[in-house]
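[1] Need the 3D shape of this:
(chains A and B)
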Amino acid sequence: MTPPESPPAGTAERSALDFAGREPALLCFVTAVFWLLVGSIFGDLASLKFQFPDWLADSGALTFGRLRTAHLNAMIYGWSSLAMLGVSCWLIPRLVRQPLAWPRLAVGGAMIWNIGLLSGVPGLLAGATDGLEWLELDWRFSDPWLVLGGAMVGGALLRTVLGSKVEHLYVSVWYTAAAFVWFPILFVIGNLRVYTGVESAAVNWFYGHNALGFWLTAINLGAIYYLLPKVLGRPIHSYQLSLVGFWAFAFFYSLNGMHHLVGGPIPTWMITTSIVASGMMVIPVGAVAVNHHMTMVGRFGALRYSPTLRFVVLGAISYTAVSLQGIFTAFVEVNRVTHFTQWTIAHSHVGVYAFVTLTLFGSIYYILPRLVEREWPSASLIRWHFWLSLGGIAAYVLALIVGGVLQGMALLDPARPFEESVTVTLPWLAVRTVAGLVLTAGHLVFAWHIALMLSRHLRRERRLPPWHEAQPRLYEESG
Amino acid sequence: MFASSLAVVLLTLAALLGAIVAFAWAWRKGHFHVDARAATLPFDDHDQRVARPWETPSQARERVQAHGPPLPPGPGEWGGA
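    Down below sits the predicted model:
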């Protein structure tokens, strides 16, 4: 193999596309990591309350109800959403061969989104909550900022898609662009203060489940459909199947939310329809799972070489796992045992951590060096981060699944006192606390590594050539 | 029967309608008439040519035959140090 005399075709164009979206993407990633740390601390404190219920009990802001809500919102709207905005600002321009339109608008949007969080999350600790799951952020002081900020970033991205210079929209663009249409509508509708009673609960879970699907899932599936083939250097196994998966997802997913209310006081036909739709999710989930797996077949050795691939493949496997677990949980016989138990917490963490967060970690490991034109300072820190994440989430989920089933069985047994349904979970909740601390340790490693990398960037240490992905090492050697 | 569920029924129908409209638009625009090039949109010349150390000799040979002489990977080529 000989060093090329000039960068290979396409790499200069790619660098230019990356450059246009660099500022908003960097801002989103840095602030996302800030919220990841904040959310982790809230999560750990909330979990420790199960072992030390009287600890910090004198402060209203640090009671379980407020800490847990602040943890959820910091993770969903802080970490996950901001990281997804960053990934989108980088991914869309590459796939439509068009620089990010209105990058300053996107930067402004990311800043405004953060303002919404900076007013909303402390507000939750102070007791200002809308009182609906996933919609707790204050509708007066926080939600308007999120709507405005999201619209600004989304506007820049959708304008970029409309200016596409390619004939075909790649499947990742379908997922990502659709998310920026679905989510604002969902968020505004979910936050309207016109629903009361049972209807409010139904709309709440229509929002909650669809935010998980049409926002978190859509953008991360888009990222996986890009990164898997990109690292492996081979196209996705069946492109047609990927489109079947997307459209089946678009048609069936919106019907799913009511399965959260199995056993609740809402019309039976709604629950039944939702359970049937949940079962039909086998089609898009199967399409995605088969496609990802078949793309990897014969190339699993790549996991040794690519940290990005390790995170992303685990994320893809977790997508299949969380979807199948969700379908399974929707069935009445299973739901009877698992409803109101720690099983639900395990399920949400398979989704938002094992699938979404691991995919975002992998994406950032791939994207950030290309934005700052510097390599990650330490392979060892990436390994630490990976094993802490994997070990932490595996222990977390297994403990809460077992604890949740035991809790559900105790709740259903009329011969056992209610107290037993609580005490039976305690050892598993202790494992959860340790697992949560392990995850936080991984996040600290990740944040430290990013800080190291960006400090070199800010000190303007030697940059890699602009076509960084081409052959930076070869230029050094040939010189 | 519908009193407590009208909002969700309407919202679900709206979501479905939106998906159907987008599907029809994509169909008319020819987005489903995909050929082999569609799946290769993420790649440029460099991606196709760079040698993957995990590939078997036959996989590497296929890559060379399809895309030309191999290029060595740069640092961080696969995402991460």
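[2] Neighbours of the closest residue in space to residue A:449 that isn't next to it in sequence, how many?
    Nearest residue to residue A:449 in three dimensions, chain neighbours excluded: residue A:381, at 4.5 Å (C-beta to C-beta, 6 or more residues apart in numbering or on different chains). (C-beta placed from N, C-alpha, C; glycine too.) Residue A:381 has 19 neighbouring residues, counting by other C-beta atoms under 10 Å in any protein chain shown.
[3] What about residue 49, how many residues nearby?
    Here I'm looking at chain A. 21.
[4] if you could check chain B rather than the one you did, that'd help
    21.
[5] just residue B:68 next, same as before
    12.
[6] Can you pull up the most central residue in the chain?
    Let's take chain A. residue A:356 (3.1 Å; C-alpha atoms, centre = their mean).
[7] sorry, should have said chain B
    residue B:39 (6.0 Å).
[8] Let me know whether that residue touches residue A:234 as I believe.
    No - between residue B:39 and residue A:234 there is no contact under C-beta atoms under 8 Å: 9.4 Å.
[9] What ranges does chain B have for its helices?
    B:6-28, B:45-49, B:57-67 (DSSP state H).
[10] comparing those helices, which gets the lowest mean pLDDT score?
    Of all the helices of chain B, mean pLDDT reaches its minimum on helix B:6-28 (a mean of 83).
[11] For that helix, name the packing helices and strands.
    Under the contact definition 3 or more C-beta pairs under 8 Å, 6 or more residues apart in numbering or on different chains; DSSP states H and E, helix B:6-28 sits against helix A:171-191, helix A:197-210, helix A:239-252.
[12] What lies in contact with that helix?
    A:169, A:178, A:181-182, A:189, A:195, A:199, A:202-203, A:206, A:210, A:247, A:250-251, A:254-255, A:257-258, A:270, B:2, B:32 (C-beta atoms under 8 Å, 6 or more residues apart in numbering or on different chains).
[13] tell me the contacts of the closest residue to residue A:215 other than its chain neighbours?
    Spatial nearest neighbour of residue A:215, chain neighbours left out: residue A:183 (4.3 Å); criterion: C-beta to C-beta, 6+ apart. Residues near residue A:183 by C-beta under 8 Å, 6+ apart: A:150, A:154, A:211, A:214, A:215.
[14] The residues you listed in helices, which ones?
    Using DSSP H, the contacts of residue A:183 in helices are A:150, A:154.
[15] Looking at the contacts of residue A:183, which one is closest to chain B?
    Proximity of the contacts of residue A:183 to chain B (C-beta to the nearest C-beta) peaks at residue A:214, which lies at 8.2 Å.
[16] quick one: contacts for the residue nearest to that closest one when sequence neighbours are not counted?
    Counting by C-beta to C-beta, 6+ apart, residue A:214 lies nearest to residue A:182, which is 3.8 Å off, once chain neighbours are set aside. Residue A:182 sits next to A:210, A:214, A:215, A:218, B:15 when contact means C-beta under 8 Å, 6+ apart.
[17] Pull the contacting residues for the second one.
    Going by C-beta under 8 Å, 6+ apart, residue A:214 touches A:178, A:179, A:182, A:183, A:186, A:253, A:254.
[18] Let me know the pLDDT of it.
    pLDDT at residue A:214 comes out at 95.
[19] can you check residue B:1 too?
    For residue B:1, the model assigns a pLDDT of 50.
[20] same deal with residue A:473?
    For residue A:473, pLDDT reads 36.
[21] Now do the strands in chain A.
    In chain A, no segments count as strands under DSSP state E.
[22] got any ranges where it has weak pLDDT?
    Low-confidence segments of chain A (pLDDT under 70): A:1-11, A:460-479.
[23] What sits closest to residue A:441 if chain neighbours are left out?
    In space, and not counting its chain neighbours, residue A:441 is closest to residue A:388: 5.3 Å by C-beta to C-beta, 6+ apart.
[24] Correction: the previous question concerned residue A:216.
    Nearest residue to residue A:216, sequence neighbours excluded (C-beta to C-beta, 6+ apart): residue A:356, at 5.0 Å.
[25] Would you check that residue A:379 makes contact with residue B:79?
    No - at 11.8 Å, residue A:379 and residue B:79 do not qualify as touching, with contact defined as C-beta under 8 Å.
[26] how much space between residue A:257 and residue B:15?
    Remark: distance between residue A:257 and residue B:15 (C-beta to C-beta, to the nearest Å) = 10 Å.
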